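S.K.: Okay, here's the prediction I keep looking at, along with the sequence it came from:
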Amino acid sequence: MASASNSKWPNGAQASITLTFDNMGEAADINRNLWPSSSPIGSHYSVTKMLPQFLDLVRKYDIPITYFVESWNLGVYPEAIKRMAEEGHEVAWHAWQHEAWGKECKEEGDERRNFERSFGQEEGMEGFVGEGGAGRGSKVDRYRGFRPPGGSIHGERTLKMCREFGLGYISPSADRGAHVPIDDGKDSIVVLPFRWSTVDAYYYMDSFSGLRNVKGELPEEAQSPDVLVERYCAQIDETIENGGYLSFLFHPFLTDQEDRMEAMETVVKHLVKRRDEGKLWLSRCRDIEEWVRAHPDSLPEDPGWDDSSWR
């Protein structure tokens with residue numbers, strides 16, 4: 001059991017937790033050829049309707065978040081991204097157009113091309129690779145972290161490529177946060193992972209039935225928001241009890257239902273309650289990475305990689 005006396009986190013907190021969002025707009029649907037050619041680009045409800053609600057909610061409770069955004073969106077939704085940055089949130093990287101990293105970037109050349117395309121090879125992207133901007137006048141800090149769509153990576157090859165492109169952390173699927181040495185200990189990368197049990201899609205989507213079956217934690221059928229709340233809150237308390245790091249993941253496109261939005265706020269209230277008790281540090285991924293690099297013993301070296309996939 002962790003205690004304030006042996007805390008490895010700021011201000012005596014017993015655990016570190018991040019609230020994260022994934023996927024912006026129609027990027028994933030375009031990548032998978034699911035977006036109707038007759039539909040306009042740039043007015044997706046997850047950006048025009050849900051993102052403002054998400055940002056209002058976290059402002060209400062004074063929570064900084066990390067949003068993993070596909071780089072394609074920088075030229076499509078620059079104002080939405082600018083608003084997030086101006087409100088103190090972190091914009092992190094989620095591939096170019098939500099390519100399933102374990103499959104579409106299996107070959108080294110494909111992986112590198114996705115990096116290159118996302119880090120300045122497209123018109124309007126040049127500013128994002130320099131200090132202080134994402135092009136088009138927005139005040140977005142340079143990417144610091146990467147969440148691979150699908151959760152899986154290609155071992156040290158991916159980790160070294162992240163460092164080559166200036167990233168300090170990665171957020172794949174794994175059991176726990178870690179500070180992983182790479183290149184024979186000459187360098188390191190901070191791993192701030194998600195667990196499938198902390199992903200809203202794991203509960204809500206029919207297409208995750210196979211993964212629910214593999215994990216054996218839930219029935220195959222999609223679950224209610226009440227189940228998500230119960231399991232999310234239990235994991236918050238468990239993380240505080242054991243110490244360490246945890247990341248929660250919500251998708252704006254999945255939250256366009258009143259009961260799901262209410263469930264998200266219930267989880268947020270529980271996070272804030274435990275934060276205000278002094279039990280956890282609730283911050284952005286980039287801030288946690290910075291702390292871990294300054295305090296190398298904050299996390300172990302082994303994240304417990306999880307190669308499970310939902311498709």
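M.R.: Yep, that arrived.
S.K.: For the nearest residue to Leu228 once chain neighbours are set aside, report the pLDDT, please.
M.R.: Using CB to CB, 6 or more residues apart in numbering and skipping the chain neighbours, the partner closest in space to Leu228 is Tyr203 (4.5 Å). Using the backbone N, CA and C atoms, a C-beta is placed for each residue, glycine as well. Tyr203 is assigned a pLDDT of 98 by the prediction.
S.K.: what's around Tyr203, how many residues?
M.R.: Neighbours of Tyr203 under the rule other CB atoms under 10 Å: 24.
S.K.: so where's the longest strand in this protein?
M.R.: Using DSSP state E, we find that the single longest strand of the chain is strand 15-22.
S.K.: Please point out which parts of stretch 205-214 sit buried.
M.R.: 205, 208, 211-212 (16 or more other CB atoms under 10 Å).
S.K.: Now for the nearest residue to Asp22 once chain neighbours are set aside, which secondary structure element holds it?
M.R.: Of all residues not flanking Asp22 in the chain, Phe68 sits nearest, at 5.0 Å (CB to CB, 6+ apart). If you go by DSSP states H and E, Phe68 is part of strand 66-69.
S.K.: Parallel or antiparallel, list what pairs with that strand.
M.R.: Strands flanking strand 66-69 in the sheet, each with its direction: strand 15-22 (parallel), strand 90-93 (parallel) (DSSP bridges).
S.K.: of all those, which lies closest to Ser7?
M.R.: The closest approach between Ser7 and any of these, judged by CB to CB, belongs to strand 15-22 at 8.8 Å.
S.K.: Now do the longest strand of the chain, average pLDDT.
M.R.: 98.
S.K.: after that strand, next one along is what?
M.R.: Counting by DSSP H and E, the next helix or strand C-terminal to strand 15-22 is helix 27-31.
S.K.: Please compute how far that following helix lies from its chain's middle.
M.R.: Remark: helix 27-31 is offset 18 Å from the chain centroid, using CA atoms, centre = their mean, to the nearest Å.
S.K.: right, and the helix or strand after that helix?
M.R.: Later in the chain than helix 27-31, the nearest helix or strand by DSSP H and E is helix 45.
S.K.: So what touches that next one?
M.R.: Residues outside helix 45 that contact it (CB atoms under 8 Å, 6 or more residues apart in numbering): 253, 256.
S.K.: Just the CA trace of the strand holding Phe68, in CSV.
M.R.: Taking Å, rounded to 0.1, in the frame of the first residue of the first chain, the C-alpha atoms of strand 66-69 are listed here in CSV:
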residue,chain,number,x,y,z
THR,A,66,-4.3,15.2,-22.9
TYR,A,67,-6.1,14.8,-26.2
PHE,A,68,-4.5,12.4,-28.7
VAL,A,69,-5.3,13.9,-32.1
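S.K.: buried residues in that strand?
M.R.: Neighbour counts over strand 66-69 (16+ other CB under 10 Å) mark 66-69 as buried.
S.K.: try stretch 100-110
M.R.: 100-102, 104-105.
S.K.: Correct me if wrong, but Gln97 is in a helix.
M.R.: No. The assignment for Gln97, made by DSSP: H, G, I helix; E, B strand; the rest coil, is coil rather than a helix.
S.K.: Touching, it and Arg32? I think so.
M.R.: No. Using CB atoms under 8 Å, Gln97 makes no contact with Arg32, being 9.2 Å away.
S.K.: Those two: which has the busier surroundings?
M.R.: More neighbours surround Gln97 than the other of Gln97 and Arg32, with 21 against 12 (other CB under 10 Å).
S.K.: Lys215 versus Gly145, what's the distance?
M.R.: Per CB to CB, to the nearest Å, Gly145 is found 25 Å from Lys215.
S.K.: Settle it for me: which of those two has more neighbours?
M.R.: A side-by-side neighbour count of Gly145 and Lys215, using other CB under 10 Å, places Gly145 first with 26 against 15.
S.K.: Check what pLDDT the more buried one gets.
M.R.: What the model reports as pLDDT for Gly145 is 97.
S.K.: Could you list everything it pairs with in the sheet?
M.R.: Beta bridges link Gly145 to Tyr169 when assigned by DSSP bridges.
S.K.: so it touches Ile288, yeah?
M.R.: No. Look at Gly145 against Ile288 with CB under 8 Å: they stay out of range, at 9.6 Å.
S.K.: count of neighbours near Arg157?
M.R.: Around Arg157 there are 12 other residues, counting by other CB under 10 Å.
S.K.: and it, which of the three is it?
M.R.: Assignment for Arg157 (three-state DSSP): helix.
S.K.: what sits against it?
M.R.: 108, 111.
S.K.: separation between it and Asp175?
M.R.: According to CB to CB, Arg157 and Asp175 sit 21 Å apart.
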